[in-house]
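Enquirer: Let me see the structure of the following:
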Amino acid sequence: MARALSKLGVCSRSQASEWIAAGRVRLSGAVTRNPEAPVRLRSDHIEVDGQPIAAKDKIYLVLNKNRGVVTTASDEHGRPTVYDSLPASLSATASQWIAPVGRLDKASEGLLLMTNDSEWAARVTSPESHLDKIYHVQVNAVAGETMLDTLRRGIENRREFLQAKRASLLRCGEKNSWIEIVLDEGKNRQIRRMFESLEVEVLRLIRVSIGPLALGDLKPGAARGLAPQEKSLLDRELAEGGSPQ
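Expert: Modelled structure (predicted):
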């Protein structure tokens with residue numbers, strides 16, 4: 001049941017489970033409190049708070065997340081969220097549910113996808129997809145080949161092995177460097193933890209692409225719809241098992 005509500009684009013799976021446990025959901029006229037209850041979408045009738053539920057139009061957005069913005073619907077500390085960048089009709093208070101595809105931490109910037117298609121989001125974020133994510137990272141050190149090779153070979157951090165698929169120098173100053181890092185599986189705060197192990201501070205971290213989708217000239221804090229051809233290219237890479245080597 002929870003999976004069906006999420007698949008229909010009504011809410012997240014966790015939100016659906018809460019509604020079901022609270023007795024707000026009826027399946028073909030009967031209240032069910034089992035989030036795992038099977039649903040036949042073509043024949044079963046679903047209601048939430050007495051209102052019939054139908055499949056929502058799928059929404060796919062591209063956002064250029066600003067630094068200092070959190071990737072949540074609301075924040076107990078009153079910090080700005082990614083929903084503040086959305087059109088009013090798709091804000092956190094709107095009837096249409098939409099959620100980030102994966103996360104960027106508060107201090108990170110750049111490309112973030114948002115959608116109400118939970119199954120598509122799961123494919124994009126799955127480690128099995130091997131979809132390349134490219135980041136431009138500024139650090140407070142002069143990066144040499146030794147540092148880059150260490151990132152490529154991998155680093156042990158908090159009993160977890162962290163490795164960049166590729167790492168290359170973009171440009172270098174007297175005291176800091178910009179490095180391009182490619183990941184094809186995202187572990188929690190992976191890039192920051194790798195540099196933490198090297199005792200190097202990350203000054204800026206910007207995600208510039210996900211698979212074939214590039215951030216381009218989208219202004220910081222701005223959002224736009226994902227073009228059909230862009231989604232097709234993403235879907236093709238997902239079907240093929242990831243980005244080209």
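
Enquirer: How far off centre is the longest helix along the chain?
Expert: As assigned by DSSP state H, the longest helix anywhere in the chain is helix 228-240. Counting by C-alpha atoms, centre = their mean, to the nearest Å, helix 228-240 is centred 16 Å from the centre of its parent chain.

Enquirer: other SSEs contacting it?
Expert: helix 118-125, strand 213-214 (3 or more C-beta pairs under 8 Å, 6 or more residues apart in numbering; DSSP states H and E). For every residue, glycine as well, the C-beta is placed using N, CA and C.

Enquirer: closest to residue 148 out of these?
Expert: When the helices and strands packed on helix 228-240 are compared by C-beta to C-beta, strand 213-214 sits nearest residue 148, at 22.5 Å.

Enquirer: Tabulate the helices and strands packed on helix 228-240 in CSV, adding columns for mean pLDDT.
Expert: Shown next, in CSV, are the helices and strands packed on helix 228-240 (pLDDT from 0 to 100):
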stretch, mean pLDDT
helix 118-125, 89
strand 213-214, 96
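
Enquirer: Could you list the buried residues of the longest strand seen in the chain?
Expert: When the chain is parsed with DSSP state E, its longest strand is strand 202-210. Neighbour counts using 16 or more other C-beta atoms under 10 Å place 202, 204-210 of strand 202-210 among the buried residues.

Enquirer: With respect to residue 50, which of the residues you listed is nearest?
Expert: Nearest member of these to residue 50, counting by C-beta to C-beta, is residue 210, at 39.6 Å.

Enquirer: Which residue, other than its chain neighbours, is closest to that closest one?
Expert: residue 133 (5.4 Å; C-beta to C-beta, 6 or more residues apart in numbering).

Enquirer: what number of residues lie near the one you found?
Expert: 24 (other C-beta atoms under 10 Å).

Enquirer: so who does the residue positioned nearest the centre of the chain touch?
Expert: Centroid-nearest residue in the chain: residue 102, 2.1 Å away (criterion: C-alpha atoms, centre = their mean). Counting by C-beta atoms under 8 Å, 6 or more residues apart in numbering, residue 102 touches 112-113, 121, 124-125, 186.

Enquirer: For those residues, which single residue is the most surrounded?
Expert: Neighbour-wise, those (other C-beta under 10 Å) top out at residue 112, 24 neighbours.

Enquirer: Tell me the secondary structure at it.
Expert: strand (DSSP: H, G, I helix; E, B strand; the rest coil).

Enquirer: What distance do you get for the closest residue to residue 141 other than its chain neighbours to residue 143?
Expert: The shortest distance from residue 141 to any non-neighbouring residue, by C-beta to C-beta, 6+ apart, is to residue 200 (4.7 Å). Noted for residue 200: a distance of 8 Å to residue 143, by C-beta to C-beta, to the nearest Å.

Enquirer: okay, the two: which has more neighbours?
Expert: It is residue 143, of residue 200 and residue 143, that has more neighbours when counted by other C-beta under 10 Å, with 22 against 18.
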